[in-house]
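Asks: got a structure for you, letters missing:
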């Protein structure tokens, strides 16, 4: 692995003394404009990070883990953050938490900040962008573990996730076994591994049951915003609307349910519904929701175990991929498909 540049490396690259570099970094004394320009160019060329370099010179290394999550307004990530903090504290580690709000620009800024803060490792939920910045962390020997999602182009990074393909296939097969053939799917963006894999599991189950897919029933939407409600309304307005729906985008579950309630769609009489993730309220509402429960405790446990082991150099080189089985919980929001004449009239059509 490439070692972090030192202040001496910068001085040699710029052709100046260490003291000149120090004055430029700390703005503590006069430096000729030409020399200052050379120092700044060397810092940029070597990707010199003063705090990162100091960390590598320390005996014990950093005990701080950076935690870069997508969106704490999403209950899934809020609970994941809570469990990661608990697992870290049990190992006498500190957590520095930042969020991307699903914005690649904010993610880039956060990665630079965490690098400057000299974290000993990083647990992250990537947006799918900023591949070069993630690669830079690896080149500086900073361990990275992706949780929930991954970036397919970064094969050297440890990944902890649920079995997304299998979970989506199970949810789809559950509905197929109850006679549903028009099954809508609201997924995350297809440029995320969770979105792509859950669509793949859905299509796999349809194929195994001899059901032809209908692209109008598969609607990837962003994690933030209210697009989930819009695409479900569009599906229900089709000449042949779905008789069941899988909301495989956790962030859109409440948005979709609110739209169905406002449109007076009866669950499961008009529409059987399966949701990904199992918030406490999903079994308290009427009807209780059939759900794919993501084992957040295990995701946090494995992520912290991996990053801590990497920080202590206790694992052999090579990426580890930990896939945790999700639990399928059948409740009252799914039922056998009913003839069209027996369903309530849908005002949204």
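Replies: Yep, that arrived. Please read all numbers here as calculations on a predicted model, not as lab measurements. Numbering: from 1, shown residues only.
Asks: all helices of this structure, in order?
Replies: Using DSSP state H, the helices found in the chain span residues 7-14, 18-26, 33-46, 50-57, 75-89, 104-116, 131-139, 164-176, 193-208, 227-236, 253-262, 296-311.
Asks: number of nearby residues for residue 136?
Replies: By the criterion of other CB atoms under 10 Å, residue 136 has 16 neighbours. Every C-beta, even on glycine, is put in place using the N, C-alpha and C of the backbone.
Asks: what residue ranges in the stretch 201-349 of the chain score low on pLDDT?
Replies: For the stretch 201-349 of the chain, the stretches with pLDDT under 70 are 340-349.
Asks: now the strands for it?
Replies: 218-220, 244-247, 272-276, 290-293, 321-324, 327-329 (DSSP state E, counting those that start in this stretch).
Asks: by contact count, what packs against the second one?
Replies: Under the contact definition 3 or more CB pairs under 8 Å, 6 or more residues apart in numbering; DSSP states H and E, strand 244-247 sits against helix 164-176, strand 183-187, helix 227-236, helix 253-262, strand 272-276.
Asks: got the contact list for it?
Replies: The contact list for strand 244-247, computed with CB atoms under 8 Å, 6 or more residues apart in numbering, reads 168, 171-172, 175, 178, 180, 182-186, 202, 228, 232, 235, 253, 256, 271-276, 334, 337.
Asks: any buried residues in stretch 81-99, and which?
Replies: 81, 83-85, 87-88, 93, 95-96, 98-99 (16 or more other CB atoms under 10 Å).
Asks: can you tell which of the strands of the stretch 201-349 of the chain is closest to residue 160?
Replies: strand 321-324 (4.6 Å; CB to CB).
Asks: which positions within the closest one qualify as buried?
Replies: Residues of strand 321-324 classed as buried under the neighbour-count rule (16+ other CB under 10 Å) are 322, 324.
Asks: distance from that strand to the middle of the chain?
Replies: Chain-centre distance of strand 321-324: 14 Å, with CA atoms, centre = their mean, to the nearest Å.
Asks: to residue 157, which of the strands of the stretch 201-349 of the chain lies closest?
Replies: Closest to residue 157 of the strands of the stretch 201-349 of the chain is strand 321-324 (CB to CB; 9.5 Å).
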